[in-house]
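Participant: build the 3D model from these lines:
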Amino acid sequence: MIEVPLTWQLAKLGLSVSMVLGLGAVAVRASPRVAGLLSGYPLGTALALFFIGLEISTDFASASAVHTLAGFTATMALGAGYIVAGRRPGMPGVLGGVLGGFVAWLAVSTLLAQFSFTRVTGTLVTLCAIVLFSWLFRAVPDVKSSGGKAFSWSALLARATLATVIIFTITRIAHWVPPEWAGTLAAFPVTMLPFLLILHLNHGHAPVATVIKHYPMGLGSLLCYALCVSYTYDTLGLFWGTLAGFAVATLWLLGWMQLTAWYHRRRA
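Facilitator: You can find the predicted model right below:
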């Protein structure tokens with residue numbers, strides 16, 4: 001086990017906090033639909049895989065990334081569990097949503113961990129899950145977060161702290177588990193889940209359901225990232241492989257947003 005310098009631990013802390021704060025600002029200033037798409041951007045997953053590679057090895061992180069491809073299915077299951085179990089307002093709804101989401105995530109993750117995926121099969125599993133969950137979420141109305149209590153810095157920082165704890169927990173557990181579980185853990189919605197808690201507490205269940213509804217269609221960016229780094233960690237190294245992954249993910253997200261904007265203009 002490699003002892004990580006304090007500077008890298010601080011970087012992990014700073015990046016986790018900034019990602020949650022940024023996503024929270026997007027949801028309020030733009031719309032939950034955009035936030036849902038950006039929730040599929042490789043934020044928490046990139047951090048998890050990067051620090052797994054830094055603390056263990058690039059080979060281990062590359063193998064984990066292959067299983068991350070299928071692990072996004074468990075993240076969508078978490079969203080479905082949250083929608084079903086978190087319908088009540090306020091803290092009761094948040095607690096119910098977290099419990100229901102975690103149970104769904106754990107059940108699907110345990111099932112996925114029984115299989116040894118390749119890049120092709122891992123991607124196909126999540127692509128099928130995207131179609132399934134998009135169909136299941138089709139009746140969820142699009143509701144923008146308006147009114148309600150304003151986002152407080154104390155609440156945002158509390159949830160950012162939660163995201164940081166999750167990142168540190170994932171990267172620590174990765175030292176003790178095989179790549180199958182490390183990759184599935186890397187797919188956990190590190191930045192999205194704390195953001196959902198903020199949104200739910202301040203604006204209710206409806207905007208949360210909207211974010212979750214659009215999350216599957218934003219997963220293309222995450223799939224591109226995980227697929228890219230599963231190759232580039234071995235060939236380019238950890239740092240350049242991560243940059244290549246972000247470049248591919250960004251290009252996909254920009255292309256997808258342009259395509260959806262064109263589609264909506266044509267329908268209008």
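Participant: next one: the helix or strand containing L162 to chain centre, how far?
Facilitator: L162 belongs to helix 153-173 when assigned by DSSP states H and E. A distance of 13 Å separates the C-alpha centroid of helix 153-173 from that of its chain, computed with CA atoms, centre = their mean, to the nearest Å.
Participant: so what touches it?
Facilitator: By CB atoms under 8 Å, 6 or more residues apart in numbering, the surrounding residues in contact with helix 153-173 are 12-13, 16-21, 24, 44, 47-48, 51-52, 55, 181-182, 185-186, 188, 190-191, 193-195, 197-198, 201-202. C-beta coordinates here come from the backbone N, C-alpha and C atoms, glycine included.
Participant: the residues you listed, buried ones only, as a ChimeraX selection?
Facilitator: To isolate in ChimeraX the members of the contacts of helix 153-173 that are buried, counting by 16 or more other CB atoms under 10 Å, one can use:
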select :12,16,17,19,20,21,24,44,47,48,51,52,55,181,182,185,186,188,190,191,193,194,195,197,198,201,202
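Participant: sorry, back to before: what residues sit buried inside the helix holding L162?
Facilitator: Buried residues in helix 153-173, counting neighbours by 16+ other CB under 10 Å, are found at 155-156, 159-160, 162-164, 166-167, 170-171.
Participant: with pLDDT and distance to F60 added, can I get those residues in TSV?
Facilitator: Supplementary listing: those in TSV, determined by pLDDT from 0 to 100; distance: CB to CB, whole Å:
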residue	pLDDT	distance to F60
A155	65	36
L156	65	33
R159	71	29
A160	73	28
L162	82	26
A163	80	23
T164	82	22
I166	88	20
I167	86	17
I170	92	14
T171	88	12
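Participant: turn these into a markdown table, including distance to H264.
Facilitator: Conversion of the buried residues of helix 153-173 to a markdown table gives the following (distance: CB to CB, whole Å):
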| residue | distance to H264 |
| --- | --- |
| A155 | 32 |
| L156 | 30 |
| R159 | 31 |
| A160 | 32 |
| L162 | 34 |
| A163 | 31 |
| T164 | 36 |
| I166 | 34 |
| I167 | 35 |
| I170 | 36 |
| T171 | 39 |
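Participant: what about the stretch 1-150 of the chain, any weak spots by pLDDT?
Facilitator: Judged by pLDDT under 70, the stretch 1-150 of the chain has its weakly predicted residues at 1-6, 8-9, 16, 19-40, 145-150.
Participant: repeat that for the stretch 151-268 of the chain.
Facilitator: By pLDDT under 70, the weakly predicted segments of the stretch 151-268 of the chain are 151-153, 155-156.
Participant: how about 80 then?
Facilitator: Low-confidence regions of the stretch 151-268 of the chain, defined by pLDDT under 80, span residues 151-160, 191, 195, 217-218, 256-257, 260-261, 263-264, 267-268.
Participant: show me where it has its helices.
Facilitator: Taking DSSP state H, counting those that start in this stretch as the test, the helices found in the stretch 151-268 of the chain are 153-173, 179-186, 192-203, 205-214, 219-235, 238-267.
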